[in-house]
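In: Give me a 3D structure for the following:
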Amino acid sequence: IDGSGASYALTDMGLSAKMRSKFAADNDSIFSTLDKSANLRLHKYFPDSSPILLSDSMQADSLSLLFGEDEIDLAGKEIMDEFGLDLKKDVVPAFTKEIALSIYDIGDPLPALTILSDASTNPEGAQKTIDTLINLIWEEGKSESTRRYVNEDKVAFHEKDGSITTVEKEPVQIGDSTLTQFTLAHQSRTSTNKYASPILDKILNLKITIGLTDDHILLLSTDPDIAENYGAGIKNSTIDALLAKHPYQMNYLNFHGLASYVANFLNQFDSATGEMAEFGNALIQAFSSFDSFSQVSYFEGENNIDSEMNLVIDISNLDKITADFKDLERLGDRLDDSGEFERLFSSVQDYKDVPADAWFADDVYFLTSKGVLKGKDYFRPADNITRAEFVSMIVNSLKNSSQIDLSQNSSYGEPQFTDTDYGDWHYYDLNLAKNLGIIKGFADNTFHPDQTITRAEAVAILMNTLDKFPAIKDSLPATSTRKYSDISSSRWY
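Out: Below is the predicted model of the structure:
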């Protein structure tokens, strides 16, 4: 590419897409506070990890360009009066030299996020800003009505639903500096649902470290091992090559790392059906043809910036790429239609009218955990079941047992019955059941979805289901020879 523009070329690696742009500043003041001779350095302080996302850039003191001097002075006076901080001398210098961000997989439900900022211009002001911020958040936290003071370094958040989140503050040593680490731990309420799988207990269990290191670097990190791993430096040949241009800005996205993280995350919460794991593996496969994306911006002359973006896609087998993404789309649709995510969150569902010692509680909560039953707050165990509700339970059972190939049996399209419509909650389930041959409806092409289902109708739908899915039928015990005195051979059922 000569000058500015876009280029697409076949290389040894595959299809290379490049974009290049030039930016000439009309106002030299934009560059006046940028040290164009300096090299990016903060990546050297990150843990030695394989980043999913990495961004590192020189910063300009652009506060006066964004706001007028009068506004800055007014804000500065308010901050000084309220917190005793000098906006221009204490706060702003901590963020006007170089800032870097890295997101990387550490095997937990959430990836680690580490942000670094070069605060060497005024480290005393940066430390003062950090201390003020920590004290403000901590004191406000202790005074909140929904939180209970435990001791000077620990508070507990008591939520209305009965869950408790504790936050503990403690010092942590990194080099010769003492930083502050917050430990968050979430404990869900005691559930009457013995099948509950409290997701938040896994996600909201993390450590957040904030402070100023002895290298005068402001650090904010959710990496629980940042104290041990800080300063190791990212060792990645691709990133090294990007930094070789002495850029003032560098962005990097690893598609493989992103896909692997999502797959690992889904695996942690997968059910017996394996649908989430299958989708995660398909995601990895779909992005296997993509190389990492990168953007490098560097100085060219006194007031010019060149920016280059690169992405390489292995197109040696286009049919495979197309098939991979079609497979990903199909599995994504199935995951959505099967209600796996709903099942995941409904597995922590408690019903106010289903106590743990009720004779039906185990059945209700087991089917809720599998996504067969879906409700909120109340189950209403004494109510009758409608025809639509019963069909929905059958369809949910089939989805969660992976008996339906949703790519071949769509629940979309025109409503199958004249008394159902697109806006009805049961539209998709009735359409799918009709397409599968589980239900037929009445002679006038109605279904009467809100009508209470009879025992005979329920048995008929169950038998239709077993006939359509012989694998389920064959797994059942031998047929009973029991006869009922109120069933005549002349009746339709």
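In: Let me know the secondary structure of Thr178.
Out: Secondary structure, DSSP: H, G, I helix; E, B strand; the rest coil: Thr178 is strand.
In: The residue lying closest to it once chain neighbours are set aside and Ala156, how far apart?
Out: Closest residue to Thr178 apart from its sequence neighbours, by C-beta to C-beta, 6 or more residues apart in numbering: Pro171 at 5.0 Å. The way it works is simple: take the backbone N, C-alpha and C, and place the C-beta from them, glycine included. From Pro171 across to Ala156, the span is 20 Å (C-beta to C-beta, to the nearest Å).
In: still on that earlier bit, make sure the residue nearest to Thr178 is indeed in a helix.
Out: No: judged by three-state DSSP, Pro171 forms no part of a helix; its state is strand.
In: Show the model's pLDDT score for it.
Out: Per-residue pLDDT puts Pro171 at 95.
In: can you check Ala361 too?
Out: pLDDT at Ala361 comes out at 92.
In: got the contact list for it?
Out: By C-beta atoms under 8 Å, 6 or more residues apart in numbering, the residues touching Ala361 are Thr192, Val354, Pro355.
In: now, among those residues, which is nearest to Ile199?
Out: Closest approach between these and Ile199, by C-beta to C-beta: Thr192, at 17.6 Å.
In: Against Asn384, how distant is the closest residue in space to that closest one that isn't next to it in sequence?
Out: Distance criterion C-beta to C-beta, 6+ apart; nearest residue to Thr192, sequence neighbours excluded, is Ala356 at 4.1 Å. According to C-beta to C-beta, Ala356 stands 24 Å off from Asn384.
In: More neighbours: those two, which one.
Out: Set Ala356 next to Asn384 and count neighbours by other C-beta atoms under 10 Å: Ala356 wins out with 13 against 10.
In: Got the phi and psi for the more buried one?
Out: Per-residue torsions, Ala356: phi -60, psi -30 (degrees, to the nearest 10).
In: follow-up on the earlier one: quick one, which of Pro171 and Ala156 is more surrounded?
Out: Ala156 (16 against 10).
In: Please indicate which of the contacts of Ala361 are buried?
Out: Thr192, Val354 (16 or more other C-beta atoms under 10 Å).
In: Would you reformat the contacts of Ala361 as JSON lines and include pLDDT and secondary structure?
Out: Shown next, in JSON lines, are these (pLDDT from 0 to 100; DSSP: H, G, I helix; E, B strand; the rest coil):
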{"residue": "Thr192", "pLDDT": "80", "secondary structure": "coil"}
{"residue": "Val354", "pLDDT": "92", "secondary structure": "coil"}
{"residue": "Pro355", "pLDDT": "90", "secondary structure": "coil"}
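In: quick check, nearest of the contacts of Ala361 to Lys473?
Out: Using C-beta to C-beta, the contacts of Ala361 come closest to Lys473 at Val354, 30.5 Å.
In: Next one: the closest one from Thr452, what distance?
Out: If you go by C-beta to C-beta, the gap between Val354 and Thr452 works out to 21 Å.
In: Point out where the stretch 201-350 of the chain drops to low pLDDT.
Out: 269-275, 301-303, 334, 336-349 (pLDDT under 70).
In: picking that back up, ok, now how distant is the residue nearest to Thr192 from Asn431?
Out: 37 Å.
In: repeat for Met13
Out: Met13 is 46 Å from Asn431, by C-beta to C-beta.
In: do the same with Phe255
Out: Taking C-beta to C-beta, one finds Phe255 at 36 Å from Asn431.
In: Please apply the same query to Asn229.
Out: Plainly put, Asn229 is 53 Å away from Asn431 if you go by C-beta to C-beta.
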